[in-house]
Each structure stands twice: as C-alpha cells, then as structure tokens.
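1. Any chance you can model this:
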Amino acid sequence: MAQPSTSNPSPLLSVAALLMSVALLITGNGLQLMLLPIRGEIEGFSPLAIGLLGSGYFLGFVLGCAFTPRLIARVGHIRTFAALVAIASAAALGYPLAVDASIWVVLRLITGFCLAGLYLVVESWLNDRATNETRGALISTYVAINFTVITLGQMIVTLFQPTSFVLFSIASILVSVAAVPVALTRSSQPPPITYVRFRPLRMYRLSPTGTVSVFLIGLATGAFWSLAPIFASAKSGSVTTAALFMSTAVLGGALAQWPAGKISDRMDRRKVLIALATLCALVGVVIIAIPAIDGPWLGIAFLFGAGLLPTYAIATAHVFDFAERGDYVEISAGLLLLNGLGSTLGPLIASLAVEGFGQSALFAVNGVIQLVLIVFVLARLARREGLSEAEKQNFDLGTSAAVAVVGDEGAVQMSDLVVMPGDPAPEAQPEDEAA
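-> Just a heads-up that it's a prediction; the model follows:
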C-alpha cells in the first residue's frame, strides 16, 4: 500500500494563494492607473485635477501604511484583507457613478489607503513564509508577477471604451476576487508587525546621496504614473497606443532592473544613478521633440522606463551599503516613506506645469528633477570616494519586511518592493564622510 507523502510542499506552492491575490490586486490597480487619467481627460478634468488624482492615491498609500497596522493588530490579517478589498472594490465602482473631480480625488485616496494595507498583509505573509533557502525563488516570482500583471492591467483598457461602465466593473471584479485565495488559505497568519522609529536625519547622515535620491525619484515616478497616460493619449490620438506606451515603459524598467543592479555591484552605485538619470532626462527630451507617438517611437518608452524605474532600487541599495543589519527594517521603512511623500508631490508639481505649458511639460519637469539628482550626486562624488566591491551589499530584488515606523506621536507602516541586502555592512560613516 502506498504511503502518503510527507515531503513539504514547494516554496511557491506554499504561498500560491498569496501570489494569486497579488496578481489580481495589481492587475486591477494597473487598470485603474491607466483608465482614470484618460477618462478624466474625456470628462474635461483639468491637468491639475488629474494630477491631484495621482497625489490623492499616493497620499492615501502613505496614510494606509500609518493606520492599517492597528487594524491588523485588532482583527488579524485575513479580516483586514477582506475589509480593505471590499472598500477598494466599492471605490472602483464609484468613479462612473459620480463623475466629479473632487469625488474622484477622495476615491483615489481611499484606494491608495486600501492598497497599502492589502500589500502590507500579503508581503508580511510572504516574508513570514520565506526562508534563506527559498527567499530567492519567492522574491523573483513576486517581482515577475508585479511587472507582468501591471502591464496586463494597463492593456485591459484597450478592450472597451473608456467612457463605458465595463472597465470600472472589471477593475472592481479583479479586486474583489483577490480576497478569495487569502480567505480560503489554510496557512497560519504571520506574527505581529515589527515597529521601528522613523528618523530621516539619521538616514541622511548615513547616506545623503541615497536619501535625497529616493525623494527625487518619488517626485519623478509619481508624476509619470499619474500624467503619462494622458500625454501618450494626446500625442498618439489613441487609447490603445497610450496603453502600449505605458506598458512598454514598464517592460523597459523590468528588464533593466537586474543588469543595472549587477553593474552597481561592480562600480560606484552613484555613477549608475547618474547614468540612469541622464538616460531618463535625454529620452524625455526626445519624447518632447517627436511629433507623435506611434509605431517605432513606442521604443522610446522602453528606454525611458529603463532609465527611470530601476533608480529606486539602486538608491536604496546605496543606503544599505552604509547600514548595519539591525537598521535594515528602519531604513527600508524610512526610505519608502520619503519616496511616498515625493510621489505625492510629484503629480501636483507636474500638473501645474502641464496646465501652464502643455502636455510636454511633464517630461520637462522630469528633466529638471533628473538634473537636480545628477548635480547633487556629482557633488557627493567630488566629496567622497565610493565603496569598494567587497564593502558593498549584494544587490537583490525583494519585498520589504512589514514594518511600522514609530515616531514620538504614532506609527507609520511601510511595505513595498525594495532591495533586500546581503551580509552586514560596515558601521555607518559620519556625516562628513557619508556618500
């Protein structure tokens, strides 16, 4: 008689339900990221109003990071997940029912709040299930899912007219169904979230380059995600081409992540940041100059994404090079908060420029941000030499541990896709020596 197998399930099978929920959530969110700016423009929203939609989302995300840990502590991961899914799903249906810019900003804030909590639940669960032997496979799978399904979500907008109710219904369905795998999982819930302090000045002393870069990168990426869909739609005259433009940019960023990271392991990461920022700025100038986005010009989006999207990982890796292992959680949380604040301000700044100077001002603002980053990093290069290859942390992509940042007055919860460092780094350098 055959004996039942006693072998443990594979690492991916053990978290398959969580990964399925992630895929559904990000697909629904990717659809909304593409759909809402285009529908808002059709409805006559001003560039400022569309920019505020992006700012509202990122502000909600930061607030969600602040308050959902308390909810998780009270009712647990599964109930928190179910509640936030219900709210996010309802918000997706609210847009076509109340076509008003002010209401949409509130709905985006609610969505950002919910998505922060949902990502937090899933990522804390994934981190709890990962071991040193399985972390690499889980990280790689999670990253691949993120890039794949956000592209899929953006392309769904091409299936129906943006003015129809159908696309909003699809977004709501995707978010709703994401609750099913988590609700039915047999896995035990992860332990309580770890709380750490948020000390931005300490991070700056640790690495001025990394800290300032993370904020500037937030400005640029927040503006891009919020306003690039309407730029591409206006420049191409086609929603399908606009979706292809955004998806191609995501693809470029996805494919550039690993080589950019590995190159930064071999040379000064600050030089890699300068190279990526230069590429991003120059490609932005080309995008402004081209008469229309179509056919071969879609490839320009690939280069733009390759210059913009890997920079956050490189900047955070640079900070970790100067950190001790005991500070990793605090630094991950603090950098994510700075990036979130930048992402909140970026759409507002860029939308004001677009109102005054036209759609192409989005990439002009991006160029200014990249120029500031380049000048600042060059100044730091002149002040201090980079670390040797042996002194650096190994570059890797992964999820952060679910961590709540506690200040004197309260908590800010952080969870996102960040660099997971390897061996312990040397002790932090004094401010006048930090890079």
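
2. residue ranges with poor pLDDT in this structure?
-> By pLDDT under 70, the weakly predicted segments of the chain are 1-14, 131-137, 139-140, 192-197, 326, 385-434.

3. Residue 200 and residue 336 touch, don't they?
-> No. Using Cβ atoms under 8 Å, residue 200 is not in contact with residue 336, being 11.9 Å away. Just so you know, the C-beta spots here come from the backbone N, C-alpha and C atoms, and that holds for glycine as well.

4. More neighbours: which of those two?
-> Applying other Cβ atoms under 10 Å to residue 200 and residue 336 shows that residue 336 carries more neighbours, namely 27 against 14.

5. The more buried one and residue 242: what is the separation?
-> 29 Å (Cβ to Cβ, to the nearest Å).

6. try residue 345
-> Counting by Cβ to Cβ - residue 345 and residue 242 are separated by 24 Å.

7. Between the two, point out the one with more neighbours.
-> Per other Cβ under 10 Å, whichever of residue 345 and residue 242 has more neighbours is residue 242, with 26 against 18.

8. so what's the more buried one up against?
-> Going by Cβ atoms under 8 Å, 6 or more residues apart in numbering, residue 242 touches 34, 38, 229, 230, 232, 233, 236, 293.

9. and stretch 245-265, which residues are buried?
-> 245-258, 260-261, 263-264 (16 or more other Cβ atoms under 10 Å).

10. er, stretch 352-363 actually
-> 353, 354, 359, 360, 361, 362, 363.

11. Filter these down to the ones in helices?
-> Within these, residues falling in helices by DSSP state H are 353, 354, 361, 362, 363.

12. and of the residues you listed, the nearest to residue 322?
-> residue 363 (32.8 Å; Cβ to Cβ).

13. Give me the neighbour count for the residue lying closest to the closest one once chain neighbours are set aside.
-> Nearest residue to residue 363 in three dimensions, chain neighbours excluded: residue 284, at 3.8 Å (Cβ to Cβ, 6 or more residues apart in numbering). Residues lying near residue 284 (other Cβ under 10 Å) number 27.

14. counting contacts, what elements does the host helix or strand of residue 284 pack onto?
-> Per DSSP states H and E, residue 284 falls inside helix 269-289. The contact analysis (3 or more Cβ pairs under 8 Å, 6 or more residues apart in numbering; DSSP states H and E) places helix 269-289 against helix 208-236, helix 239-266, helix 299-308, helix 311-320, helix 361-383.

15. Just the element for residue 114, please.
-> Short version, using DSSP H and E: residue 114 is in helix 101-129.

16. Against which helices or strands is the next helix or strand after that helix packed?
-> Along the chain past helix 101-129, the next helix or strand (assigned with DSSP H and E) turns out to be helix 135-156. For helix 135-156, the packing partners by 3+ Cβ pairs under 8 Å, 6+ apart come out as helix 11-14, helix 16-42, helix 101-129, helix 166-177, helix 239-266, strand 397-399, strand 417-419.
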